[in-house]
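# Any chance you could fold what I've pasted below:
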Amino acid sequence: MSYAQITGWGKCIPPASISNDEISNIVDTNDEWITTRTGIKSRRISHVSTADLATVAAKHALACAGVEGKDIDLVILATCTPSTMVANTASLVQKNIGAVGAAAMDTNAACSGFLYALQAATAQIRSGMIKKAVVIAAERMTWYINWARRDSAVLFGDGAGAVVLEASDTPSGLLATKTGCDSEDRDILHIENFGSDLNKYEPIGPSNLLFEGREIFKRAVKGMSEACDDVLNQAQLDLDDIDVLVPHQANLRIIQAIQQRLKVADEKVMVNIADYGNTSAATIAIAICEAVEKGLIKPNSNIMSAAFGAGLTWAASYIKWGDRVTPIAVSDAALPECDKTGLELVAPAVAACKAAE
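Numbers count the residues shown, from 1 in each chain. Next comes the predicted model:
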C-alpha cells in the first residue's frame, strides 16, 4: 500500500500586525487581560485575499518538495473564509500555481479544517487514485470580526500554511486519524448574520462571532483528548513515543491542558499563538512549518496533532515525518508590499462596526 509522505511545507504570514497594546485603542482591553486569558500577544492582518495567502503558501510548499504545479493531481483548500464561494477558492489557487487539470476543492471544518483536508488527500493517495496533492489551510479571520466586541476582536488573525503529499512506499505521513463532530452543541460557537439563510435584501451589518468560552474550553479539551487517545490506540503508540505535539493554536490554556493530558514535555510542544492568535484552519499548517524551521520536527519524528472548531468539529492525527527536514528548493513567492499598518488596515471596519452598535 502507498503512503502519503509529506515532502514539502510552506507558509504565508501577512506583514501587518496589531499588538495587544494597539488593539486597546479599538476595544476596552489591555495586554495583561488578553495575555493571561489567551496567551496571545499579537495577530496578523492580511491586506490581500484568502486566495493570495493560500497561493504563496502553496508555492513555497511546492518548491520545498521539488515539484511543479503541473505535477499536482489534487488541490484542497481548508478555509472558512473563502475569497469566493462560486467558483470555489481552491480553483483560483490551482490556476495560480499552475496545477493544470488538477482536482480542486474547498473544505470547511473551521479550526479542524487542515486535519480534515489532510485525511481526505491522504485517503486518495493511499487508495491509488492520485499520486501528488497540495493541502492548504488559509484564513482571513479578521474579515469576520466585529471590532466593537472585545471578547472576539482580540482572538483572531490571518495567515496560511501548506504541505505537499506524495505517494511513497515508506511508512510515513498521516498514519492514524480520528475526526468527528458534536453537532448537538454547534450553537455555542458560530457566526451570526452570514450565509444564504439570510435575506440579502435587508441590511445585515457586521458579522457577530459568538461563542461560550467556558463550554468551548471543556468540549475542546475533552474532544481533542479523546481523539488523541483513539489515534494512539490505532497506531499502537505509547505516550512516550510522541516526539512533537502540534495542537491547534486557539488558547494557550487549552494547549496546556492537552499537553498535560498527553504528558508531553514543554520542549516537545509547538506553540506560536503569541505571535499570530487564532488563524483557524491555518494554525496547525503554519505551526508544522515553524516546527520544522525551529528543529522541533526532526527526521522520522512521531507527531501528534489535534484541533477543535465550530460545528463542533474535532480531529486528532498521528503523522510520521519523513527523513528530510530541509527544502529541495526555495520559492521567491511573496505577497505584494503592504503600505499600511494593521490598525490602518482595519480602520474602516472598526468605524463601521462601532457605527452599527
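
# in its sheet, what does the helix or strand of the chain with the lowest mean pLDDT sit against?
In the chain, the helix or strand scored least confidently by mean pLDDT, DSSP states H and E is strand 208-211, which has a mean of 77. Applying DSSP bridges, strand 208-211 is found paired with strand 189-192 (antiparallel).

# Pull out the buried residues from the partner strand.
Across strand 189-192, burial judged by 16 or more other Cβ atoms under 10 Å covers Leu189, His190, Ile191. Every residue, glycine included, has its C-beta placed from N, CA and C.

# Tell me which stretches of the stretch 1-150 of the chain form strands.
3-12, 16-19, 42-45, 74-78, 103-107, 132-140 (DSSP state E, counting those that start in this stretch).

# and the fourth one, how far out from the chain's middle?
Yep, that's strand 74-78 we're talking about. Counting by Cα atoms, centre = their mean, to the nearest Å, strand 74-78 is centred 13 Å from the centre of its parent chain.

# Specify the angle between it and strand 103-107 in degrees.
10 degrees (axes from the mean of the first three to the mean of the last three Cα atoms, to 10 degrees).

# Buried residues in the least confident helix or strand of the chain, which are they?
Asn208, Leu209, Phe211.

# Could you save these as JSON lines and add columns showing distance to Cys289?
As requested, these are arranged in JSON lines below (distance: Cβ to Cβ, whole Å):
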{"residue": "Asn208", "distance to Cys289": "32"}
{"residue": "Leu209", "distance to Cys289": "26"}
{"residue": "Phe211", "distance to Cys289": "27"}
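
# pLDDT and distance to Gly180 added to the buried residues of strand 189-192, as CSV?
What follows is those, written out as CSV (pLDDT from 0 to 100; distance: Cβ to Cβ, whole Å):
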residue, pLDDT, distance to Gly180
Leu189, 80, 15
His190, 80, 18
Ile191, 82, 21
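
# Pick the one among these closest to Ala287.
Leu189 (20.8 Å; Cβ to Cβ).

# For the closest one, name its beta-bridge partners.
Beta-bridge partners, per DSSP bridges, of Leu189: Phe211.

# what's the answer for Gln5, then?
Applying DSSP bridges to Gln5, the residues it is bridged with are Glu166.

# And it, how far from Ile125?
Distance, Gln5 to Ile125, by Cβ to Cβ, to the nearest Å: 9 Å.

# Quick check: neighbours shared by these two?
Residues touching both Gln5 and Ile125 (Cβ atoms under 8 Å, 6 or more residues apart in numbering) are Leu165, Glu166, Ala167.

# Thr170 against Tyr3, yeah?
Yes. Here Thr170 reaches Tyr3: they are 6.3 Å apart, a contact under Cβ atoms under 8 Å.

# Looking at the two, which one has more neighbours?
More crowded of Thr170 and Tyr3, by other Cβ atoms under 10 Å: Tyr3, with 20 against 12.

# And the average pLDDT for stretch 291-303 is what?
Averaged over stretch 291-303, pLDDT sits at 97.

# List of residues touching that stretch?
9, 237, 241-246, 268, 270, 288, 318-325.

# Only whichever of these are buried, select them in ChimeraX.
In ChimeraX, a selection of the buried entries from the contacts of stretch 291-303 looks like this (16+ other Cβ under 10 Å):
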select :9,237,242,243,244,245,246,268,270,288,318,319,320,321,322,324,325
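
# Can you tell me which of the contacts of stretch 291-303 end up in helices?
With helices taken from DSSP state H, the overlap with the contacts of stretch 291-303 comprises Ile288.

# correct me, but Ala102 touches Leu74?
Yes. Between Ala102 and Leu74 there is a contact under Cβ under 8 Å: 5.8 Å.

# can I assume Asp28 is in contact with Ala148?
No. Counting by Cβ under 8 Å, Asp28 sits too far from Ala148 to count as a contact (10.3 Å).
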